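> Turn this into a structure:
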Amino acid sequence: MSVAGLALHPFTAPRDLPAALGLLAERAARNEKTVLLAGGTDWFVERHVAPPETEGTLPLVVDVSRLEGLRRVSLDGDTLRVGGAVTYLELRKDARVAARCPLLAAMARDVGALQIQARGTLAGNLASGSPAADGVCALAALDATLLLRSIRGARRVPLASFYTGYRRSVLAPDELIEAVEIALPPAGAPFVWRKVGTRQAQAISKVALAGVAVVENGRAKRLGLAMASVAPTVAFLPGDACPRPLARARGNHRRRSSGRRSRRRRADRRHPLHGRLPAARRRRARHAVLRGAARGVGRSPVAPARSSAPGFAFATISA
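Residues are numbered from 1 along each chain as shown. Next up, the predicted model:
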């Protein structure tokens, strides 16, 4: 759908957050469909492949992009809070984000072309539920918490508990994502961000990996890893799926041959999106590259890995 097509939809722009929440509650009580519009970078694309709708069934579009309560980035001690309508461009230009959460800043640089960065938001990425979402991948590695609000009150939901399936979540019809809260790792914590696509920033991720480590005395106190475009939702990688040395710091020393077989089985299990991803062998090659990148989490500096598989463009790895 084009911007011109938006004129076919009923449209409103509430004056403030309480007014928006009241409108959501009224429409949810009547079981009426509502679309919250911040940047629209996902929704406009989705309308191109959506089934045709008659004029009377079109959802109400509610513009929340200018609501002051959703437009703030704040840092309170070791907690970073990003409002639901903050754009990726604002994230990448925020000095506090660059200094205290460089993984989020690195993702924001690669999430899309400048036009996408100027409109797209983390809350929109989360609400759309795309398994290829770069923003959700970074937030998963950071173990973010979502602040959901309605007129009934607010609740905090860990991102790991937010999705219930492909493009399904626990977000109620009368709720919106007010903010994303991140308990920041220590300053200087090693991280990795790698995006595999036909172009570095202006393509949907074929595969993406985000990782962050909290290392004390040479050992991993916490390791967060997540991947995009590998499952019905962004995948949180369990500890036994992480490569050495950090993921096995507690003494899991399986034989190499057994480890290779189990990693291949895990790679196969991560791909239920048949018809949406390339062939299994090519996917395994991409995963091998990203697992190699993840080995660098916790080391400094991290050298860029190379792949013999064709058609890859990588974002930088930082530590």
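
> and Gln115, how many residues sit next to it?
Look at Gln115: counted by other Cβ atoms under 10 Å, it has 12 neighbours. In short, each C-beta sits where N, CA and C put it, glycine included.

> where does it sit relative to Thr41, distance-wise?
9 Å (Cβ to Cβ, to the nearest Å).

> go on, Val64?
For Val64, the distance to Thr41 - Cβ to Cβ - is 14 Å.

> again with Leu21
Taking Cβ to Cβ, one finds Leu21 at 24 Å from Thr41.

> do the same with Ser229
In terms of Cβ to Cβ, Ser229 sits 17 Å off from Thr41.

> Between the two, which is the more surrounded one?
Remark: of Ser229 and Thr41, Ser229 carries more neighbours, 27 against 21, as counted by other Cβ under 10 Å.

> confidence score at the residue nearest to the more buried one when sequence neighbours are not counted?
Leaving aside its chain neighbours, Ser229 sits nearest to Ala132 (4.4 Å; criterion: Cβ to Cβ, 6 or more residues apart in numbering). Per-residue pLDDT puts Ala132 at 92.

> Kindly report the same for the one 3 residues further on.
The confidence metric pLDDT takes the value 95 at Gly135.

> same question, Gly165
95.

> Am I right that it is in contact with Pro232?
Yes - counting by Cβ atoms under 8 Å, Gly165 sits close enough to Pro232 to count as a contact (6.0 Å).

> how about the helices in the stretch 51-200 of the chain?
Here the stretch 51-200 of the chain has its helices, by DSSP state H, counting those that start in this stretch, at 88-93, 95-100, 102-110, 114-119, 122-128, 134-141.

> highest average neighbour count across those?
Ranked by mean neighbour count under mean count of other Cβ atoms under 10 Å, the helices of the stretch 51-200 of the chain are led by helix 134-141, which reaches a mean of 29.

> where does this structure dip in pLDDT?
In the predicted model, the chain carries pLDDT under 70 at residues 1-5, 48-49, 53-56, 199-203, 238-319.

> Let's see that with 90 instead.
1-9, 39-58, 111-116, 187-188, 195-207, 214-223, 236-319 (pLDDT under 90).

> thinking again about what came up before, turn the helices of the stretch 51-200 of the chain into CSV, including distance to Thr34.
Shown next, in CSV, are the helices of the stretch 51-200 of the chain (distance: least, Cβ to Cβ, whole Å):
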stretch, distance to Thr34
helix 88-93, 24
helix 95-100, 30
helix 102-110, 28
helix 114-119, 20
helix 122-128, 12
helix 134-141, 22
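
> Tell me which of those helices sits nearest to Ser169.
helix 122-128 (7.5 Å; Cβ to Cβ).

> which other helices and strands contact that closest one?
Secondary-structure packing of helix 122-128 (3 or more Cβ pairs under 8 Å, 6 or more residues apart in numbering; DSSP states H and E): helix 43-49, helix 134-141, strand 176-183.

> The shortest one packs against which elements?
To tie it back to what came earlier, the one meant is helix 43-49. The contact analysis (3+ Cβ pairs under 8 Å, 6+ apart) places helix 43-49 against helix 122-128.

> who touches the helix it packs on?
36, 38-43, 46, 70, 82-86, 88, 91, 133-136, 139, 146, 159, 162, 167, 169, 171, 176-177, 180 (Cβ atoms under 8 Å, 6 or more residues apart in numbering).

> 6 Å - rerun?
Helix 122-128 has contacts (Cβ atoms under 6 Å, 6 or more residues apart in numbering) with Ala38, Gly39, Asp42, Val82, Gly84, Ala133, Gly135, Val136, Ile177, Val180.

> Glu178 against Leu147, yeah?
Yes - Glu178 lies in contact with Leu147 (Cβ atoms under 6 Å); the separation is 4.7 Å.

> The two: who's more crowded?
Glu178 (22 against 19).

> State the distance from the more buried one to Gly40.
Counting by Cβ to Cβ, the gap from Glu178 to Gly40 is 19 Å.

> Between Gly165 and Pro232, which has more neighbouring residues?
When Gly165 is set against Pro232 and neighbours are counted by other Cβ under 10 Å, the residue ahead is Pro232, at 15 against 9.

> burial measure for the nearest residue to that one once chain neighbours are set aside, as a count.
Using Cβ to Cβ, 6+ apart and skipping residues adjacent in sequence, the residue nearest Pro232 is Tyr166, 3.8 Å away. By the other Cβ under 10 Å criterion, the neighbourhood of Tyr166 contains 13 residues.
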